[in-house]
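**Student:** sharing a model prediction with you, sequence too.
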Amino acid sequence: MRIVVTGALGHIGSRLIREIPFAFPDAEIVMMDDLSTQRYCSLFNLPVEGRYSFHQADVLTTDLASLFAGADAVVHLAAITDATTSFEKKEQVEEVNYIGSKRVAQACVIAECPLIFPSTTSVYGTQDKVVDEDCPMTDLKPQSPYAESKLKAEQLLQEMGDAEGLRFVICRFGTIFGTSIGMRFHTAINKFCWQAVMGQPITVWRTAWEQDRPYLELGDAINALKLIVDEKCVRSPWTYSSRATVIIGFIKRTGLVSPACKCRRTCLPCRKSFFRPGLGSSSRSVLPGVARCSSIRP
């Protein structure tokens, strides 16, 4: 078996490449990363059981088809994932997350290998009802350039599946939290934990104080990806679920672990308005489980 992982040194990738050897013994693991975030440490102390090769390469410029040749699966994790800062670099987010994904998908068509594409529940935006992968396009309300780029890439894969026979799976992951060598701290749970242990105040936007948000523990995300690879990209749609978390509840639990932890609410900057006005304790945003896989094309 040959598995290619783009963005292999990041938050998800650095954990995935360490678990593949035990889930798929003797698998060849092709790691690809442009090292733009300089996570060199993700390459340290890899399991001796793994058969690894590393390619410092950019999805925007590399000959991907030759790299994907003979692959049983391509897990495309290379992306700009920080929704908050995506407003400040819209063109770069579009180029990496959409154009990069398009090049990856085109290479998968040429190499005749299936593509596993982690998207995001951010494509749902703010909702006042339960939504899932079966909701109509009109219910998808991405509210950041990051989410817009992921939804646009999803639509592209659907089109390429119909027109070019691309085999693919789309996973709409909730906000990832949990530890890995390449972990990041820009997302809520990881950031809150860091602030708590460092004795820093946890800052929460007022509109998000009692809002339900979908979170996905990293180990659960890895298990989902391994299952998809093991099932060789099953055709029927399926949902991988986890519970939504109310921010105030998490903050209270954090306080039990770190009594010195303090929390403050702050007003939401208008230019970064991810949440629609009026959403508070009387109208919670409940999103679906945390992952979605589209129908795979034969």
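**Tutor:** Alright, I've got the coordinates.
**Student:** just checking, L67 touches A57?
**Tutor:** Yes: here L67 reaches A57: they are 7.1 Å apart, a contact under C-beta atoms under 8 Å. All C-beta spots, glycine's among them, are computed from the backbone N, C-alpha and C.
**Student:** any common contacting residues for those two?
**Tutor:** Jointly contacting L67 and A57 under the rule C-beta atoms under 8 Å, 6 or more residues apart in numbering are M32.
**Student:** mind listing the helices for this structure?
**Tutor:** 13-23, 64-68, 90-93, 100-111, 145-164, 188-197, 218-230, 247-257 (DSSP state H).
**Student:** and the third one, what other elements does it pack with?
**Tutor:** I take that to be helix 90-93. helix 145-164 (3 or more C-beta pairs under 8 Å, 6 or more residues apart in numbering; DSSP states H and E).
**Student:** which residues are contacting the helix it packs on?
**Tutor:** 79-83, 86-87, 89-90, 93-94, 97-98, 101-102, 105-106, 109, 115, 117, 119-120, 122-123, 125, 140, 142, 166-168, 170, 294, 297.
**Student:** got any ranges where the stretch 151-298 of the chain has weak pLDDT?
**Tutor:** Residues of the stretch 151-298 of the chain that meet the criterion pLDDT under 70 lie in 208, 232-298.
**Student:** 80 instead, please
**Tutor:** 203-213, 232-298 (pLDDT under 80).
**Student:** do the stretch 1-150 of the chain as well
**Tutor:** 82-85, 126-136.
**Student:** distance of the residue nearest to E94 when sequence neighbours are not counted from R15?
**Tutor:** Ranked by C-beta to C-beta, 6 or more residues apart in numbering and with sequence neighbours excluded, the top spatial neighbour of E94 is S149, at 5.6 Å. As judged by C-beta to C-beta, to the nearest Å, S149 and R15 stand 23 Å apart.
**Student:** quick one: which of the two has more around it?
**Tutor:** S149 (27 against 23; other C-beta atoms under 10 Å).
**Student:** gap between that one and D72?
**Tutor:** 27 Å.
**Student:** the chain: strands as residue ranges?
**Tutor:** For the chain, applying DSSP state E gives strands covering 2-6, 28-33, 51-56, 73-76, 115-120, 168-173, 175-177, 202-205, 212-217, 238-240, 244-246, 263-266, 291-293.
**Student:** turn the ones you listed into JSON lines, columns for distance to K191 and mean neighbour count.
**Tutor:** Putting those into JSON lines (distance: least, C-beta to C-beta, whole Å; neighbours: other C-beta atoms under 10 Å) gives the following:
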{"stretch": "strand 2-6", "distance to K191": "25", "mean neighbour count": "25"}
{"stretch": "strand 28-33", "distance to K191": "23", "mean neighbour count": "24"}
{"stretch": "strand 51-56", "distance to K191": "29", "mean neighbour count": "14"}
{"stretch": "strand 73-76", "distance to K191": "25", "mean neighbour count": "26"}
{"stretch": "strand 115-120", "distance to K191": "17", "mean neighbour count": "25"}
{"stretch": "strand 168-173", "distance to K191": "17", "mean neighbour count": "26"}
{"stretch": "strand 175-177", "distance to K191": "9", "mean neighbour count": "22"}
{"stretch": "strand 202-205", "distance to K191": "8", "mean neighbour count": "18"}
{"stretch": "strand 212-217", "distance to K191": "12", "mean neighbour count": "21"}
{"stretch": "strand 238-240", "distance to K191": "24", "mean neighbour count": "18"}
{"stretch": "strand 244-246", "distance to K191": "14", "mean neighbour count": "19"}
{"stretch": "strand 263-266", "distance to K191": "13", "mean neighbour count": "12"}
{"stretch": "strand 291-293", "distance to K191": "22", "mean neighbour count": "26"}
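**Student:** possible to save those strands as a markdown table with distance to L225?
**Tutor:** Output for those, formatted as a markdown table (distance: least, C-beta to C-beta, whole Å):
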| stretch | distance to L225 |
| --- | --- |
| strand 2-6 | 9 |
| strand 28-33 | 13 |
| strand 51-56 | 17 |
| strand 73-76 | 6 |
| strand 115-120 | 6 |
| strand 168-173 | 7 |
| strand 175-177 | 12 |
| strand 202-205 | 30 |
| strand 212-217 | 11 |
| strand 238-240 | 10 |
| strand 244-246 | 21 |
| strand 263-266 | 33 |
| strand 291-293 | 9 |
